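Student: Requesting a structural model of the entry that follows:
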Amino acid sequence: MTADGPADALPHDAIVLAGGRASRLGGASKPDVVVRGRRMLAHVLDAVPGASSVVVVGPPTLEVPVGVALTLEDPPDGGPVAGIEAGVAALSGGALDHLGPERWVLLLACDVPLVAGAVPRLLGVGAERRDDTACDGVMVVDGAGREQPLVGLYRAAALASALRRLAAEREVRGASVRSLLGRMRLERLVDDGAASCDVDTWEDVRRIDG
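Tutor: Have a look, this model is predicted:
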């Protein structure tokens with residue numbers, strides 16, 4: 001699937017996951033790691049200029065720009081799904097049922113500093129599928145065939161429904177993103193470049209810095 005719609009083609013919000021322990025980076029604050037001269041979080045936030053609302057899920061000490069909301073799962077260190085739940089709750093004011101089918105959410109990790117290369121294509125596919133009730137969203141698949149669910153665009157209502165289902169079946173805290181999205185009907189968008197490359201180690205930093 002290739003689509004290159006403009007970033008404002010589809011009304012959307014954005015959730016950026018910026019928590020975690022970053023053990024492979026020696027415990028460094030991953031969103032604050034500098035890549036190509038800027039914090040990784042800054043790169044990711046620059047990739048979502050068309051979002052109506054932006055929520056960063058991370059520690060309360062994290063610096064975010066004016067106009068960007070900062071929240072965190074309670075208790076902290078609950079894993080990515082707990083972080084997603086906190087982000088969705090922040091977008092909806094805590095009322096997940098209020099997220100209508102017309103709303104879409106970009107779900108991004110803070111450690112994908114080149115993600116700006118993927119966001120317009122994700123929004124383009126979303127715009128194409130906006131009226132297709134059989135499509136709950138689209139995620140990037142990297143050149144090696146690995147799914148990258150935290151470089152994705154999802155219907156907010158479908159994401160909220162998946163969170164409720166998972167909470168009813170098991171503990172959200174510690175759950176995998178795969179278990180959250182497993183029943184959602186998703187398109188796959190192949191990224192043959194570096195837009196979905198994540199930074200987990202200092203070697204990754206050096207590789208992206210070139």
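Student: can you tell me the average pLDDT over stretch 49-69?
Tutor: If you average the pLDDT over stretch 49-69, you get 95.
Student: Determine how far the last residue of it lies from the first.
Tutor: This stretch, stretch 49-69, spans 14 Å end to end (C-alpha to C-alpha, to the nearest Å).
Student: And the contacts of that stretch?
Tutor: With contact meaning C-beta atoms under 8 Å, 6 or more residues apart in numbering, stretch 49-69 is reached by 7-8, 11-19, 29, 31-32, 41, 45, 48, 70-73, 76, 83-84, 86-87, 90-91, 106, 110, 123. Any C-beta I mention is one placed from the backbone N, CA and C, and that applies to glycine too.
Student: what about 7 Å?
Tutor: 7-8, 11-19, 31, 45, 48, 70-72, 83, 86-87, 90-91, 106 (C-beta atoms under 7 Å, 6 or more residues apart in numbering).
Student: Next, the buried residues of that stretch.
Tutor: Within stretch 49-69, the residues that count as buried by 16 or more other C-beta atoms under 10 Å are 50, 51, 54, 55, 56, 57, 58, 62, 64, 68.
Student: on that earlier part again, now, the contacts of stretch 49-69 that are in strands?
Tutor: Among the contacts of stretch 49-69, the ones falling in strands (DSSP state E) are 12, 13, 14, 15, 16, 17, 70, 71, 106.
Student: will you turn the residues you listed into CSV that also has neighbour count and distance to residue 173?
Tutor: Converted to CSV, those look like this (neighbours: other C-beta atoms under 10 Å; distance: C-beta to C-beta, whole Å):
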residue, neighbour count, distance to residue 173
12, 24, 27
13, 22, 23
14, 26, 23
15, 29, 17
16, 29, 20
17, 26, 15
70, 18, 20
71, 17, 16
106, 28, 24
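Student: could those go into JSON lines alongside distance to residue 25?
Tutor: Output for the ones in strands among the contacts of stretch 49-69, formatted as JSON lines (distance: C-beta to C-beta, whole Å):
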{"residue": "12", "distance to residue 25": "30"}
{"residue": "13", "distance to residue 25": "28"}
{"residue": "14", "distance to residue 25": "24"}
{"residue": "15", "distance to residue 25": "22"}
{"residue": "16", "distance to residue 25": "18"}
{"residue": "17", "distance to residue 25": "15"}
{"residue": "70", "distance to residue 25": "21"}
{"residue": "71", "distance to residue 25": "23"}
{"residue": "106", "distance to residue 25": "24"}
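Student: Determine which two of those are furthest apart.
Tutor: Spatial extent of the ones in strands among the contacts of stretch 49-69 (C-beta to C-beta) is set by the pair 12 and 70 at 19.3 Å.
Student: Quickly name whichever of the buried residues of stretch 49-69 is closest to residue 132.
Tutor: Closest to residue 132, out of all of the buried residues of stretch 49-69 and judged by C-beta to C-beta, is residue 50, at 20.9 Å.
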